[in-house]
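Chemist: just need the structure, nothing else, for what follows:
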Amino acid sequence: MYRRLAAVGMTTAVTVAILSAPAAADDAPVDDAIPGAPGIGDPYYPLDGNGGYDVDSYELAVTYDPATDLLRGTATIQSRATQSLSRFNLDLEGLEVEAVTVDGTAAGWGRDAAELTVTPSGPLRSGRHFTTVVTYSGVPSTGTGNPLGSSGFTATDDGALVAGQPHSAASWFPANDHPLDAAAVDVRVTVPEGLEAVSNGALEEQVTENGWTTWHWRSPEPMVTYLVVLAIGEFDINAYEVDGVRFWDALDPDLFAPLPQAPGLPPLGTTAQASLARQPEVLDFLAGIFGPYPFSTGGGIVDDVLELSFALETQTRPLYAPGFFADPLGGDLVVVHELAHQWAGDLVRLGGWQHLWLNEGFATYAEWLWLEREGLVPVQQQFDAYLSDLIPADDPFWSVLPGDPGPGPELFSPAVSQRGALTLHALRQAIGDDAFFATLRSWTATRAGTAVTTDDFVELAEQESGRDLDELFRTWLYTAGKPPAR
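Modeler: Next up is the predicted model:
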């Protein structure tokens, strides 16, 4: 996620094949079955995610009509029970559930706010793979309260945009909506002919029939639910391949109109196009820091939506607010930031929202490294500026604890990302370049595909450096106040 816009230097039916699930090992009674927990265990957001199962894949088939804002969907969810389940929950906001089946048999269900409780016809034994199909419809809500939008769903003048943090998926499909549970995602989106629908991964198919077009996007690499993006509207889509990575860039054509408030400056679309053209170069640079690019596809989405004020690292296809491209440097930096998240946040994901600095601090530090690489600002100069007079000691910036900012607005405070980057440079100063960059490479290599915590990173840094680093991390992540200059 990137919020530098305001901070210092986010019908027709589609038939989906329902995959059959393996049967339980035997048909004996499941005597120890109990309900799955209504939350996955995150202390910041107790009802995010759910307990008792792990999702392997989501197959989503949705139809959206911008004229009415009506969304109709069928979600086919492949899961594995991690305990013997008498019932289990899915997260779903607002939308009306029409039917639920488990392994092809009608299941009972009930709603309590954003919790959808599913009761299968019989208990599910621990370890069993099962298929849940939810049919639903309605007008997605677009509430407020979360710095990035409480629901993540925004109706636009020509379509819709879905992205947000920490929970956005539940605004348009039933999900285990927490970073602890990553899954493959397959999305078919049907929209009126003439509109585009863009999501993550590779474009598998585009079919137009009877005035509607279905766009099929597939992401086999597991992703967490808040990283699933959906952008519907008029887009110019540029598809290309570099070094084996297939890119799809989607830009709103309205962004190429002249800027009446800034005559003589290039349109935002032109600047955005130029920054996105540097993606292969940026990925090559970041691979030198974090290791090989972890996905087979890439690209970006830039929609002309005034309500959008953030950029978000939606996996393989980050979403960017157009304002970031008001100048070329800002455009390049936000691309660096969101692409760094493909390693820090997407490949290596959060074990809990408390540890968000592991995403944001890493991505911000990648920006600093890029500025130095471009010959603009040395990293040490960036670090020194913060500890001198860039941000005074009495500024509220220094009261936020990046290692435990709390679930309120401070979670998305600039301090989490910027003081997180300062923490990384303080670590680099303490252990030296060789151990520091070895730690970054080892972090993404050994923790790939797992959910992590700050303690995991501290332990790894201590292993790579042979140093006790508790005091350093306590000072920079958990102590209010401006650390002393070194």
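
Chemist: every contact and neighbour count from this point should use C-alpha atoms.
Modeler: OK.

Chemist: how close does Pro174 get to Ala155?
Modeler: As for Pro174, its distance to Ala155 is 19 Å (criterion: CA to CA, to the nearest Å).

Chemist: give the contact list for the residue lying closest to Ala393 once chain neighbours are set aside.
Modeler: Excluding its sequence neighbours, the residue lying closest to Ala393 (CA to CA, 6 or more residues apart in numbering) is Lys482, at 5.5 Å. In this structure, Lys482 makes contact with Leu387, Ala393, Trp398, judged by CA atoms under 8 Å, 6 or more residues apart in numbering.

Chemist: pLDDT below threshold where in the stretch 201-350 of the chain?
Modeler: Residue ranges of the stretch 201-350 of the chain with pLDDT under 70: none are present.

Chemist: cool, and the stretch 1-150 of the chain?
Modeler: Short version for the stretch 1-150 of the chain, where the test is pLDDT under 70: 1-29, 143-150.

Chemist: same check on the stretch 351-486 of the chain?
Modeler: 486.

Chemist: where exactly do the helices run in the stretch 51-200 of the chain?
Modeler: Taking DSSP state H, counting those that start in this stretch, the stretch 51-200 of the chain contains no helices at all.

Chemist: tell me where it has strands.
Modeler: 53-65, 70-81, 88-91, 96-102, 105-106, 108-112, 115-119, 129-138, 153-155, 160-162, 182-192, 196-198 (DSSP state E, counting those that start in this stretch).

Chemist: what's in contact with the second one?
Modeler: Where contact means CA under 8 Å, 6+ apart, the residues beyond strand 70-81 that reach it are 18, 21, 52-65, 124-140, 173-174.

Chemist: one more time with 6 Å
Modeler: 52-64, 126-139 (CA atoms under 6 Å, 6 or more residues apart in numbering).

Chemist: roughly how far does the closest residue to Glu193 other than its chain neighbours sit from Tyr240?
Modeler: Leaving aside its chain neighbours, Glu193 sits nearest to Trp212 (4.5 Å; criterion: CA to CA, 6+ apart). Look at Trp212 and Tyr240: by CA to CA, they are 26 Å apart.

Chemist: what's the local residue count around Gly449?
Modeler: Other residues lying near Gly449 total 18 when counted by other CA atoms under 10 Å.

Chemist: check contacts around it.
Modeler: Leu347, Val348.

Chemist: before we move on, what SS does Ala426 have?
Modeler: helix (DSSP: H, G, I helix; E, B strand; the rest coil).

Chemist: again with Ala415
Modeler: Recorded secondary structure, Ala415: helix (three-state DSSP).

Chemist: what is the neighbour count of the residue nearest to Arg278 when sequence neighbours are not counted?
Modeler: Nearest non-adjacent residue to Arg278, counting by CA to CA, 6+ apart: Asp332, 7.7 Å away. By the criterion of other CA under 10 Å, Asp332 has 24 neighbours.

Chemist: ok, the one 3 residues further on next?
Modeler: Per other CA under 10 Å, the neighbour tally for Val335 reads 30.

Chemist: could you check how far the residue nearest to the spatial centre of the chain is from Gly345?
Modeler: Here the mean C-alpha position of the chain is nearest to the C-alpha of Leu227 (CA atoms, centre = their mean), at a distance of 2.8 Å. As judged by CA to CA, Leu227 and Gly345 stand 9 Å apart.

Chemist: pretty sure Ala344 contacts Asn359?
Modeler: Yes - using CA atoms under 6 Å, Ala344 is in contact with Asn359, at 5.1 Å.

Chemist: so which bits of stretch 391-409 are buried?
Modeler: Ala393, Phe397, Trp398, Ser399, Val400, Leu401, Pro402, Gly403, Asp404, Pro405, Gly406 (16 or more other CA atoms under 10 Å).

Chemist: should've said stretch 81-88
Modeler: Quick answer for stretch 81-88 (16+ other CA under 10 Å): Ala81, Thr82, Gln83, Ser84, Leu85, Ser86, Arg87, Phe88.
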